[in-house]
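>>> got a predicted structure here, sequence first:
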Amino acid sequence: MKKIGDKIEHWILGADQKWKALPEKQQRLFTKLFLAGYTVLTILVLISIFITTANDNNTMSISHITTISDHTAMKRQSHDNKTGSTIKK
C-alpha cells in the first residue's frame, strides 16, 4: 500500500512541476478553459435533471422489499403444498 502512495505522490509532484514550468499566460488560459468546461458540464447536468423530473409519466413504484430468503421460503411453501405435507409452521 505504501508503494501505491509513493507512486501517486511522485506523479502529483511531477504534474506540479510541469504546471509551474508553464508560462503564466498559459496557466491562466488553462484555468479559464477548465472552469468553462466545468461550468458547461454542470449546466448540462442540471438541464438533464430538470428535463427528466419535468415529465409527467415519472412514477415510482413502492412495494415491499423481497430478499433471497423470502424467495426460498415461498418456494418451500409452494413445494410443501404440492406434496401434501403436514409440517406445522
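On my side now, so go ahead.
>>> just the pLDDT for Gln17.
pLDDT for Gln17: 95.
>>> so what's the residue count around Gln27?
For Gln27, the number of neighbouring residues by other C-beta atoms under 10 Å comes to 13. (Glycine included, C-beta is placed from N, CA and C.)
>>> which residues touch it?
Trp19 (C-beta atoms under 8 Å, 6 or more residues apart in numbering).
>>> what's the spacing between it and Ile12?
Gln27 sits 17 Å away from Ile12, going by C-beta to C-beta, to the nearest Å.
>>> with Thr59 instead?
As defined by C-beta to C-beta, Thr59 lies at a distance of 47 Å from Ile12.
>>> of these two, which one has the most company?
Ile12 (10 against 7).
>>> pLDDT value on the more buried one, please?
95.
>>> mind listing what it touches?
For Ile12, counting by C-beta under 8 Å, 6+ apart, there are no contacting residues.
>>> helix or strand: which one has it?
Element membership of Ile12 [criterion: DSSP states H and E] is helix 2-21.
>>> how far does that helix sit from the chain's center?
Relative to its chain's centre, helix 2-21 lies at 27 Å (C-alpha atoms, centre = their mean, to the nearest Å).
>>> going along the chain, name the helices of this protein.
2-21, 24-54, 68-83 (DSSP state H).
>>> lowest-confidence stretch among these?
Ranked by mean pLDDT, those end with helix 68-83 in last place, scoring a mean of 63.
>>> look at the residue lying closest to Phe30 once chain neighbours are set aside and say how many residues are nearby.
Closest residue to Phe30 apart from its sequence neighbours, by C-beta to C-beta, 6 or more residues apart in numbering: Leu22 at 7.5 Å. Neighbours of Leu22 under the rule other C-beta under 10 Å: 12.
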